[in-house]
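**Student:** next comes the sequence, and after it the predicted model I'd like to discuss.
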Amino acid sequence: MNIPWDIPVLESVSRVVEQSQLVKINHEKLIDVANWMAYEEFATPDGSLLFDFGNDPDYLMDFTMVVNTTNFAFTDFNSGIKFETDYLGRRWCDSEAMLACLHRAINSGIPFFSGEYLANVTRDQLASVFSGTIEMPMLDERVEIFNEVGRVLVEKFEGSYHNFVRSCAPRLYAGGEGLLERLVVEFPRFNDVSTYHGLEVQIFKLAQLGIWGMHIHLRAISRQRMPK
């Protein structure tokens, strides 16, 4: 398998590897791990979700991108206690608790995946949506992020992430019009970069995770609709 090191994310990481000073790669161990991993089976996820959000492609795009907008920090930094919530007869923890809260909110009529809602959501409203055993960590930061994302969606994409997705070229990179390229430009929340010895390192963790999630969910839908 040839790794496309000219992809900007990998290219920026490779420069860090070349110039690293405090961390070194044990090539012998790397080969050992690669050898046993070559025989491991890594099944492709089937696209199923913990909760039923339907099978409308546009809605699932909205769901996936909103989830990845807030998919971070579910543990209180001071106490080390994880965020949990009770829903549908059981207790959910961490990111699963976040998904439970969103499903509960949608079922109660809150248009959480709407840009209009996100642009105007308040701290009290978000605390109510994410009600659980502790206050959702970094709640103020989440409000700020949602407000910013919501404003962009309303001003440029008729209030929906799926309109943004459909406005992009269907590739990660496409001369500036690719989905990953535009996502980190249109929504600074996803512009996850760092600097190493003056070099910009593109991490884009949530951006790539969101795009991967959309691919998995939409792929599952397309397979369901294929004639048998």
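**Tutor:** Received, thanks. Numbering: from 1, shown residues only.
**Student:** what about the residue lying closest to residue 87 once chain neighbours are set aside, which helix or strand?
**Tutor:** Spatial nearest neighbour of residue 87, chain neighbours left out: residue 100 (4.1 Å); criterion: C-beta to C-beta, 6 or more residues apart in numbering. Placement of C-beta: from N, CA and C, glycine included. Secondary structure assigned from DSSP states H and E places residue 100 in helix 94-107.
**Student:** quick check: next helix or strand after that helix?
**Tutor:** Past helix 94-107, the next helix or strand by DSSP H and E is helix 115-120.
**Student:** which other helices and strands contact the next helix or strand after that following helix?
**Tutor:** Later in the chain than helix 115-120, the nearest helix or strand by DSSP H and E is helix 123-129. If contacts are counted by 3 or more C-beta pairs under 8 Å, 6 or more residues apart in numbering; DSSP states H and E, helix 123-129 sits against helix 94-107, helix 139-156.
**Student:** what's the most buried one of these?
**Tutor:** A comparison of the helices and strands packed on helix 123-129 by mean neighbour count, using mean count of other C-beta atoms under 10 Å, puts helix 94-107 on top with a mean of 19.
**Student:** ok, now how distant is the most centrally placed residue in the chain from residue 187?
**Tutor:** Central residue of the chain (C-alpha atoms, centre = their mean): residue 68, 2.8 Å from the mean position. The gap separating residue 68 from residue 187 is 10 Å, by C-beta to C-beta, to the nearest Å.
**Student:** quick revisit: format the helices and strands packed on helix 123-129 as TSV; extra columns: mean pLDDT.
**Tutor:** Output for those, formatted as TSV (pLDDT from 0 to 100):
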stretch	mean pLDDT
helix 94-107	96
helix 139-156	98
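**Student:** including distance to residue 121, could those go into CSV?
**Tutor:** Shown next, in CSV, are the helices and strands packed on helix 123-129 (distance: least, C-beta to C-beta, whole Å):
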stretch, distance to residue 121
helix 94-107, 11
helix 139-156, 5
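**Student:** ok, longest helix in the chain?
**Tutor:** helix 205-225 (DSSP state H).
**Student:** need the CA coordinates for it. PDB is fine.
**Tutor:** C-alpha atoms of helix 205-225 as PDB (Å, rounded to 0.1, in the frame of the first residue of the first chain):
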ATOM      1  CA  LYS A 205      -9.200  15.300  14.200                       C
ATOM      2  CA  LEU A 206     -12.800  16.200  14.500                       C
ATOM      3  CA  ALA A 207     -13.000  17.300  10.800                       C
ATOM      4  CA  GLN A 208     -11.800  14.000   9.600                       C
ATOM      5  CA  LEU A 209     -13.900  12.100  12.100                       C
ATOM      6  CA  GLY A 210     -17.000  13.900  11.000                       C
ATOM      7  CA  ILE A 211     -16.400  13.200   7.300                       C
ATOM      8  CA  TRP A 212     -15.600   9.500   8.100                       C
ATOM      9  CA  GLY A 213     -18.900   9.300  10.100                       C
ATOM     10  CA  MET A 214     -20.900  10.700   7.200                       C
ATOM     11  CA  HIS A 215     -19.300   8.200   4.900                       C
ATOM     12  CA  ILE A 216     -20.100   5.300   7.200                       C
ATOM     13  CA  HIS A 217     -23.800   6.300   7.700                       C
ATOM     14  CA  LEU A 218     -24.500   7.200   4.100                       C
ATOM     15  CA  ARG A 219     -22.800   4.100   2.900                       C
ATOM     16  CA  ALA A 220     -25.100   2.000   5.100                       C
ATOM     17  CA  ILE A 221     -28.200   3.800   3.700                       C
ATOM     18  CA  SER A 222     -27.100   3.300   0.100                       C
ATOM     19  CA  ARG A 223     -26.600  -0.400   0.700                       C
ATOM     20  CA  GLN A 224     -30.100  -0.700   2.300                       C
ATOM     21  CA  ARG A 225     -31.600   0.900  -0.800                       C
END
